[in-house]
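# 3D, please:
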Amino acid sequence: MTAVEIAQVGRTFGGVRGGAPTLALTPITTSVAENDFVTILGPSGCGKSTLLRIVAGLDEPTTGRVLVRGMEVAGPGADRGMVFQSYTLFPWLTVEENIGFGLREKGMAKSMRDDIVAGYVAKVGLNGFERHWPKQLSGGMQQRVAIARALANDPAILLLDEPFGALDNQTRGLMQELLLQIWEADRKTVLFVTHDIEEAIFLGSRCLVMTARPGRIKADVPIALPHPRHYRVKAQPDFLELKVRLTEEIREEARKVA
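Prediction:
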């Protein structure tokens, strides 16, 4: 079953102060199967975040359309959960209040909401931090809260825009493992934007490689590494072969904007 269908989606931004418009995305057509984990890899400025925002309903395509489970996207919806690179928690709410925010907005009874929140607090390893404020948490912990908040609303599709980009290397690796463990358990449909080649391979079951601006999909690479995946897979020959292939694809695009 197709979860997301992207049909001839293009995006042009108007010129600044009467300047020429900027073509960010040439028409893109692709689809994402239900329960798939698709990474979107490309050089900076290639339009990968713009494409994700269009799927999320936070931006509108200039041409084409996006369908989620057969319904055309006309704006944000509860069927899509979004996690950004910046920490987007509400600073005036505690960890448990942040995670349960969407459930409270839906009018869910407190007893049911508390059960769901407790489950996701445990799933992302934040037991004991339920009453902490965001400012009391590390960057990695704040992203754990953001992921738990997105998942608590039980979206059909999880959209992540370089969520670990601001983290140190060790924390980033641990967060990759956590997200992968959650996906292996729940099998949500995931679209994950990154510029990190190792991250794209380690997390994805399929990688879409985008060109330099104006962005288009230049390669659709299956990642047939077995699950569950341990971080040691990054040293295996199959992983390294994929890394070489994707590095060449990205280097070719990076040269165009260097």
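
# in which helix or strand would I find the residue at minimal distance from the centre of the chain?
Centroid check for the chain by C-alpha atoms, centre = their mean gives Leu160 as the closest residue, at 1.7 Å. Counting by DSSP states H and E, the element that carries Leu160 is strand 157-161.

# which outside residues touch that strand?
Strand 157-161 is contacted by residues 3-4, 32, 49, 52-53, 55-56, 68, 79-85, 150-151, 179, 188-193 when judged by C-beta atoms under 8 Å, 6 or more residues apart in numbering. Just so you know, the C-beta spots here come from the backbone N, C-alpha and C atoms, and that holds for glycine as well.

# Which entries within the residues you listed meet the buried criterion?
Those of the contacts of strand 157-161 that meet the buried threshold are 3-4, 32, 49, 52-53, 55-56, 68, 79-85, 150-151, 179, 188-193, by 16 or more other C-beta atoms under 10 Å.

# Take the contacts of strand 157-161 and keep only those in helices.
Per DSSP state H, helices hold the following members of those: Ser49, Leu52, Arg53, Val55, Ala56, Ala150, Leu151, Leu179.

# Contacts only, for the first one.
Ser49 sits next to Asp161, Glu162, Val193 when contact means C-beta under 8 Å, 6+ apart.

# Same list (these) but as CSV, adding distance to Gly128 and pLDDT.
Shown next, in CSV, are the contacts of Ser49 (distance: C-beta to C-beta, whole Å; pLDDT from 0 to 100):
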residue, distance to Gly128, pLDDT
Asp161, 29, 95
Glu162, 28, 93
Val193, 32, 97
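
# Which of those residues sits closest to Leu225?
Nearest to Leu225 among the contacts of Ser49, counting by C-beta to C-beta, is Val193 at 19.9 Å.

# surely the closest one meets Gly47?
No. Look at Val193 against Gly47 with C-beta atoms under 8 Å: they stay out of range, at 10.2 Å.

# how near is Thr22 to Val16?
9 Å (C-beta to C-beta, to the nearest Å).

# These two - which one has more neighbours?
Thr22 (14 against 9; other C-beta atoms under 10 Å).

# Excluding sequence neighbours, find me the nearest residue to the more buried one.
In space, and not counting its chain neighbours, Thr22 is closest to Phe13: 4.6 Å by C-beta to C-beta, 6 or more residues apart in numbering.

# Quick check on the one you found: phi, psi?
Dihedral pair for Phe13: phi -100, psi 140, per degrees, to the nearest 10.

# need the contact list for it.
So Phe13 contacts Pro21, Thr22, Ala24 (C-beta under 8 Å, 6+ apart).

# can you put those in CSV and add secondary structure?
Output for these, formatted as CSV (DSSP: H, G, I helix; E, B strand; the rest coil):
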residue, secondary structure
Pro21, coil
Thr22, strand
Ala24, strand
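
# so can I have a markdown table of those showing distance to Asp36 and pLDDT?
Compiled in a markdown table, these are given as follows (distance: C-beta to C-beta, whole Å; pLDDT from 0 to 100):
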| residue | distance to Asp36 | pLDDT |
| --- | --- | --- |
| Pro21 | 33 | 86 |
| Thr22 | 31 | 88 |
| Ala24 | 25 | 92 |
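
# hey, where'd the helices end up in the stretch 101-250 of the chain?
101-105, 110-123, 139-152, 169-186, 197-203, 237-257 (DSSP state H, counting those that start in this stretch).
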